[in-house]
Structure formats: C-alpha cells, structure tokens
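[1] Sharing a model prediction with you, sequence too.
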Amino acid sequence: MNKVPVKRIALFGSTGSIGRQALEVIGSNPDKFTAEILTAQSSDDLLIMQALKYKPNIVVIGDEKKANKVKQALATTNTKVFVGENALEEVAALDCYDMMLAAIVGFAGLKPTLQAIEGGKAIALANKETLVVAGDIVMQRAVENKVPIIPVDSEHSAIFQCLIGETRNKIEKIILTASGGPFLGKKPNYLVNVKRDHALQHPNWQMGAKISVDSATLMNKGLEMIEAKWLFNLKPEQIQVVIHPQSILHSMVQFEDGAMKAQMGLPDMKLPIQYALAFPQRIPNTFPRYDFKKPNTLSFEEPDIKTFRNLVLAKEALFKGGNLPCVLNAANEIAVFAFLHNRIGFLDMTDLIERTMQHVPFIEHPRLEEYFDSDAEARNFAASLIKL
C-alpha cells in the first residue's frame with residue numbers, strides 16, 4: 001500500500017479560533033500534516049509559542065511593531081520571519097505548501113487567498129468574507145487554476161459532504177441551519193440594552209469575537225447564504241435558512257425528487273477542519289460523539305426577520321448581487337468593531353449597515369479593483385456615521 005505523503009498546510013490566521021483548532025488537528029496527525037506557514041496580525045506571544053511547538057518553515061507577523069520580538073524569539077530556530085501586510089501575499093505566492101487554510105477574519109483574507117489560488121494551491125476556506133466580497137472572481141479563478149475550494153464553515157462543510165456522489169443530481173434547495181445565537185426569541189426592547197459580553201456568549205460554539213457577534217445578529221447566516229451561492233453555484237431562491245437551536249444537524253440539501261440529505265454531529269469545529277484538511281479521506285479521531293439521549297429533541301423554526309433585520313439586508317445583497325454584498329460586509333465589519341468597542345448599541349449595527357448599503361453606488365459587474373474601492377468607500381462612510 002502506497003504511503004500518502006504528508007500534506008504541508010499554510011495556516012493563514014493561526015492564532016484565531018479556527019487556526020488554534022486546526023493546529024490541534026495537525027498536532028494529532030503528525031504522519032499526515034505539517035504546519036508549514038503560520039500567520040498572525042498582532043498576537044505575537046501566541047504566534048511565538050505556536051512556532052516553537054510546530055516548527056514551521058515560515059511565520060508572518062502583520063504588525064510591524066511586533067516584528068523584532070518575534071524575530072528575537074525565533075532567532076535560534078530554522079523558522080523564517082516575514083513582516084507586514086504585504087508579507088501575507090508574498091508568502092501565499094511561495095511554493096512551499098500544499099494547502100492553505102484561509103482563516104484570516106474578514107476582508108483581509110481575500111488577497112492572500114487569491115494569491116494561493118493563482119499558485120494552484122488547494123484552499124480550505126474558513127473565511128466566508130472572501131466569497132461574500134468577490135465570490136464571482138474567486139470561484140472563476142479557482143476553476144481556471146483547477147483549484148479545489150473545500151469549505152470549513154460547519155454549514156458549508158455539511159452541504160459539501162451531502163453532495164459527494166451527487167454530481168449528476170439536481171439540487172432543489174439547500175437549507176442552512178442557524179442556532180439563533182444567544183438572543184433567540186428576544187425582541188427589540190430587550191436587545192436595545194445588550195452589551196458586548198452578552199453577545200459573545202454563544203450557546204453552542206466556541207468562536208472568535210467577530211463571528212460571535214455576527215451569530216448574535218444573524219448576519220453570520222446572511223453571509224453564509226451569499227457564500228453558499230458561489231460555493232455551490234446556486235440561485236438565491238434555492239437558499240433557505242432555518243433556526244435549529246441544538247446545532248446538531250449542520251445543514252441539508254433537498255434534491256429535485258424531494259429527498260433530503262443532512263450531515264449531523266456535535267457542534268465542534270475540529271470536525272469540519274479535519275475533514276477539509278484530509279479530504280478526500282476521512283481520518284479517525286477521539287472527538288466526542290453525539291448521543292441521541294442528549295439532546296434528545298431536535299427542533300426547527302423560522303428565523304425572526306422582524307427583529308433580526310440583518311438577515312433581510314443580507315438577502316437583499318444576495319438577490320441584487322454586484323458590489324452590494326461587498327458593501328454589506330464592509331459596513332458590517334465596521335459596525336461589529338464599533339459594537340465591540342462600546343461605541344454603538346446592538347440594534348444600531350443594522351441601521352449602520354442599511355445606511356451604508358443605500359449610500360455606496362451600485363455596480364452590477366465589478367472588476368476586482370472596484371470591489372476594493374467599494375470596500376474602502378463603505379468602510380469610510382460607515383466609520384463617518386459613528387465618528388470612528
């Protein structure tokens with residue numbers, strides 16, 4: 001039996017929630033994976049610890065003020081240190097890895113991911129904003145370079161898994177499940193007073209601050225609808241969202257005969273991360289297993305779009321297309337940043353996003369440069385509304 005070569009993984013965003021869990025998966029399977037590249041924006045101490053433990057070929061620290069500390073800490077190792085924002089693209093273009101785990105949060109993940117695609121590298125995509133912002137261009141370049149894009153988001157991983165072996169069968173629709181976040185069932189009079197710490201307490205998943213807030217506002221699900229459109233080549237009307245508070249059933253595909261396939265498991269991001277890294281193999285692990293005794297009830301309900309209007313705005317962007325999802329995403333990043341820094345209230349985030357979407361001129365078929373321009377204009381306008 002031929003031994004499968006070790007897959008060299010470039011972890012872009014190694015100090016975030018996804019990056020840390022991916023390193024656990026890599027560390028548990030040293031015969032299958034190595035961490036070849038690790039990158040962080042400003043978490044220098046954690047990056048140094050990761051580099052000393054996993055001995056990557058290269059690390060990137062985005063924040064130039066922290067470069068000397070990282071260089072000194074790794075001076076006696078064989079790890080090369082790259083510095084600054086442009087270093088991400090530079091390193092993504094190198095030929096020392098097999099697969100990129102794209103786990104940088106937000107718009108910042110787009111350029112390095114495009115660079116990896118140009119280099120013919122497989123992408124394990126945990127950064128949904130890359131496809132929200134410029135899904136048409138990213139997927140087109142992936143096809144041109146014959147690059148597989150394997151989703152890491154639990155919902156998109158579920159759909160990806162359900163579609164294996166179904167290439168000839170038409171999808172009627174996909175159903176993305178949402179936990180409903182920490183404020184499921186709450187009304188605006190409650191949400192007015194919600195603070196940062198409430199929004200960060202997700203009932204089922206351990207996640208970073210940005211995605212936790214997005215889950216609390218349901219924007220996360222809106223971004224996932226747009227991502228799904230591009231990943232699975234769907235029409236907007238083929239994408240549905242349903243609230244499933246237990247987060248056991250991760251998403252479903254309904255085929256044109258009415259049959260549905262779903263992927264189930266405990267809410268643990270290490271599972272879709274491992275699936276993406278090892279694809280097409282499934283490899284054994286010691287993660288906890290779902291027991292039908294707890295939770296013994298799985299429930300489903302419609303999302304409350306009157307209260308959680310972010311889902312309505314995201315749907316508008318999904319159906320209209322063009323640069324509108326890019327504008328939505330940029331405004332949302334500013335809104336979440338402002339909320340996390342106690343500059344605006346929970347419900348103000350939606351108003352900020354809506355006003356920005358109305359302000360930035362619509363472009364039906366943007367070029368890549370126009371996406372960057374739309375992103376910058378949306379950020380500037382959103383920031384000006386709250387005097388950031």
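    Nice, thanks for sending it over.
[2] how many neighbours does the residue nearest to Lys146 when sequence neighbours are not counted have?
    Once flanking residues are discounted, Lys146 sits nearest to Gly120: 7.1 Å by CB to CB, 6 or more residues apart in numbering. No exception for glycine: its C-beta is placed from N, CA and C like everyone else's. Neighbours of Gly120 under the rule other CB atoms under 10 Å: 10.
[3] Leu311 now?
    Leu311: 22 surrounding residues under other CB under 10 Å.
[4] again, but for Gln72
    With other CB under 10 Å as criterion, Gln72 counts 11.
[5] give me phi/psi at it?
    Main-chain dihedrals, Gln72, degrees, to the nearest 10: phi -60, psi -40.
[6] any idea how far it is from Ala92?
    The gap separating Gln72 from Ala92 is 25 Å, by CB to CB, to the nearest Å.
[7] What's the separation between Pro5 and Ile37?
    Separation of Pro5 from Ile37 (CB to CB): 17 Å.
[8] ugh, wrong one, Ser251
    In terms of CB to CB, Ser251 sits 30 Å off from Ile37.
[9] Ok, Pro303 next?
    38 Å.
[10] repeat for Leu340
    28 Å.
[11] ok, those two, which is more surrounded?
    Ile37 (26 against 16).
[12] so what secondary structure elements neighbour the one helix or strand the more buried one maps to?
    Applying DSSP states H and E as the criterion places Ile37 in strand 33-40. The helices and strands touching strand 33-40, judged by 3 or more CB pairs under 8 Å, 6 or more residues apart in numbering; DSSP states H and E, are strand 7-12, helix 17-28, helix 44-54, strand 58-61, helix 85-92.
[13] who does the shortest one touch, helix- and strand-wise?
    Spelled out, it's strand 58-61. Contacts defined by 3+ CB pairs under 8 Å, 6+ apart place strand 58-61 against strand 33-40, helix 44-54, helix 67-73, strand 80-83, helix 85-92.
[14] Can you tell me which of the ones you listed is most buried?
    Mean neighbours per residue, mean count of other CB atoms under 10 Å, is largest over those for strand 33-40, with a mean of 24.
[15] Run through who's touching it.
    When contacts are defined by CB atoms under 8 Å, 6 or more residues apart in numbering, strand 33-40 is touched by residues 6-15, 19, 23, 25-26, 46-47, 50-51, 54-62, 88, 91, 94, 96-97, 104, 277.
[16] Over to stretch 306-313?
    Residues outside stretch 306-313 that contact it (CB under 8 Å, 6+ apart): 186-188, 191, 217-219, 221-222, 241, 303, 305, 328, 332, 349-350, 353-354, 357.
[17] ok, now stretch 373-388?
    When contacts are defined by CB under 8 Å, 6+ apart, stretch 373-388 is touched by residues 107, 133, 323, 326-327, 329-331, 333-335, 337-338, 343-344, 348, 352-353, 355-356, 359-360, 363, 366.
[18] those strands in the stretch 101-250 of the chain, which residues are they?
    Using DSSP state E, counting those that start in this stretch, the strands of the stretch 101-250 of the chain run over 122-125, 149-151, 171-178, 239-243, 249-255.
[19] Return the most buried member of these.
    strand 122-125 (a mean of 24).
[20] Packing partners of that one?
    strand 99-102, helix 110-118, strand 149-151, helix 270-278.
[21] In a markdown table, list those along with mean pLDDT.
    A markdown table is the format used below for the helices and strands packed on strand 122-125 (pLDDT from 0 to 100):
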| stretch | mean pLDDT |
| --- | --- |
| strand 99-102 | 98 |
| helix 110-118 | 96 |
| strand 149-151 | 98 |
| helix 270-278 | 97 |
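[22] Most tightly packed of the ones you listed?
    Greatest average neighbour count among those goes to strand 99-102 (a mean of 26), per mean count of other CB under 10 Å.
[23] May I have that strand as PDB, with CA atoms only?
    The C-alpha coordinates for strand 99-102 follow below in PDB (Å, rounded to 0.1, in the frame of the first residue of the first chain):
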ATOM      1  CA  MET A  99      -3.000  23.600   1.000                       C
ATOM      2  CA  MET A 100      -3.900  27.000   2.500                       C
ATOM      3  CA  LEU A 101      -6.300  27.100   5.500                       C
ATOM      4  CA  ALA A 102      -7.800  30.500   4.900                       C
END
